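the following block contains a protein sequence and its predicted model.
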Amino acid sequence: MTEDELRGRVRALIAKVHPDQVDMFAFRGAQFDAGLALVNFPEGHGGLGLNPRLQAIVGDELQKQCKTTYDDLEINPIGIGMGMPTLLTYGSDEMKKQLLRRCYTGEDIWCQLFSEPGAGSDVAGLATRAERHGDEWVVNGQKVWTSLAHVSRWGMLLARCNPDVPKHEGLVYFLVDMQSPGVEVRPLYQITGEAEFNEVFFNDVRIPHANVLGKVGQGWHVAITTLMNERTALGGGSSQRASGPIRVLMGLWQERGKGRGETGAVTRDRITKLYIESELLRLTSARGRAAQRSGNPGPEGSVGKLAQAELYKRIWECCTDVMGADALTYEAGYELRRPTGEGRGGAEAIAKYQFLRSRANSIEGGTSEVMRNILGERVLGLPGEPRNDKAVAWKEIPR
């Protein structure tokens, strides 16, 4: 399919269902049905079987033609960025038909249930147990740092089904209905005062065997698919030049940076370097998208994840330095609450909030230390770190 043909399909969609005239669910449902949701997905499942880099053409045409546009990763970040590729790879035809469209429209929000209090970076060491009883599984355990669990309908759950084999081999991967009896979600408040993620408890939760993705005992292979897509989604960076965090920083400098003498010159050089790094991240991400082929991403997605996490922390730190003493106080009304998605005011309010929030960038989706290990071992081919528990049954590993 040529670029002109694809743009023609987008214009035909807009002529039939205009996003400025209908609600989000109606338009995104029509977009999914037209194969323009994720163009690399198969026909009938929201795509056209095209190269994933052509998705940028769909977004470009929608921005040109419409005032109302939607960001997939704001509507349902975990579902669209991680859940849909995993479901497409391992789900049954019935599950795809039931869940993919509603995930893309945002009618069903998804969450990821991997990390535990004793198994964060070492996800395969998790202890949540799943025991099979006929056509159902009974799950007991605890998960932590689960973003959006409080508003999610579906969760991607990794649990241990066999403690007598090494930790990577005895896992099973479920799609769990978050409204099931025995699922308890409790908020975890961050330094920002918001609780966007949670701890989740499973108390004799029953999950149908039909909700297993992949094979029993091979849940780790399914989880890798989820994680690789997560890192690619988190590490995309801004797609437009001088956009995102660097734009906020440059705006603050224009307002506050004049007349600072030698100190100002040093800060100006620092901002220039951050701008260059932002451009390098943007161009590297664009090159990665251009080279991308259909299928799930590989370990190379860790490059963008690592670079973006560390860069964004430095940018927001620089913002607070530009603001000076004003950055030391948070606005009145700082309270413990659930995030509402509403704007946070001007550039200064955004910078203060993001300075606090960005501390999580190098933790969520895999820590920067884990990203460096993945790149070193799986991309550069360096020797792996010693793993003394690799061939040991999970139940025999000291805790």
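The structure has been received and is ready for your questions. Numbers count the residues shown, from 1 in each chain.

from here on, contacts and neighbour counts on C-alpha atoms
Fine.

all the strands of this protein, in order from the start?
For the chain, applying DSSP state E gives strands covering 110-113, 129-133, 136-147, 154-160, 171-177, 183-188, 197-208, 212-217.

could I get the full set of helices for the stretch 251-399 of the chain?
Listed in chain order, the helices of the stretch 251-399 of the chain (DSSP state H, counting those that start in this stretch) span 261-291, 301-323, 347-357, 368-374.

lowest average pLDDT across the ones you listed?
Mean pLDDT across those is lowest at helix 261-291; the value there is a mean of 83.

which strand residues bridge the closest residue to Gly219 other than its chain neighbours?
Nearest non-adjacent residue to Gly219, counting by C-alpha to C-alpha, 6 or more residues apart in numbering: Val172, 4.2 Å away. Per DSSP bridges, residues listed as beta-bridge partners of Val172: Ala159.

next, count neighbours for Val172.
Residues near Val172, counting by other C-alpha atoms under 10 Å, number 25.

what's it in contact with, if anything?
130, 158-161, 212-213, 215-220 (C-alpha atoms under 8 Å, 6 or more residues apart in numbering).

at 7 Å what do you get?
By C-alpha atoms under 7 Å, 6 or more residues apart in numbering, the residues touching Val172 are 158-161, 216-219.

that one and Pro117: what is the separation?
Applying C-alpha to C-alpha, to the nearest Å, the value for Val172 to Pro117 is 19 Å.

got it, and Thr329?
From Thr329 to Pro117 the distance is 32 Å (C-alpha to C-alpha).

these two - which one has more neighbours?
Pro117 (12 against 8).

return the distance of that one relative to Gly141.
Here the distance between Pro117 and Gly141 works out to 10 Å (C-alpha to C-alpha).

and Glu279, by the same measure?
For Glu279, the distance to Gly141 - C-alpha to C-alpha - is 44 Å.

now swap in Leu281 and tell me
Distance of Leu281 to Gly141, computed by C-alpha to C-alpha: 39 Å.

ditto for Thr340
For Thr340 relative to Gly141 (C-alpha to C-alpha), the value is 29 Å.

more neighbours, those two?
It is Gly141, of Thr340 and Gly141, that has more neighbours when counted by other C-alpha under 10 Å, with 18 against 8.

skip the chain neighbours and tell me the closest residue to that one.
Spatial nearest neighbour of Gly141, chain neighbours left out: Thr128 (4.2 Å); criterion: C-alpha to C-alpha, 6+ apart.

the one you found: neighbouring residues, count only.
Thr128: 20 neighbours (other C-alpha under 10 Å).

so what's it up against?
Thr128 makes contact with 140-142, 159-160 under the criterion C-alpha under 7 Å, 6+ apart.

show me which of the residues you listed are buried.
Buried by 16 or more other C-alpha atoms under 10 Å: 140-142, 159-160, out of those.

just put those residues in TSV and tack on distance to Leu252 and pLDDT.
Shown next, in TSV, are these (distance: C-alpha to C-alpha, whole Å; pLDDT from 0 to 100):
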residue	distance to Leu252	pLDDT
Asn140	49	98
Gly141	46	98
Gln142	43	98
Ala159	47	98
Arg160	49	98
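
if anything else comes up later, I'll come back, but that's it for now.
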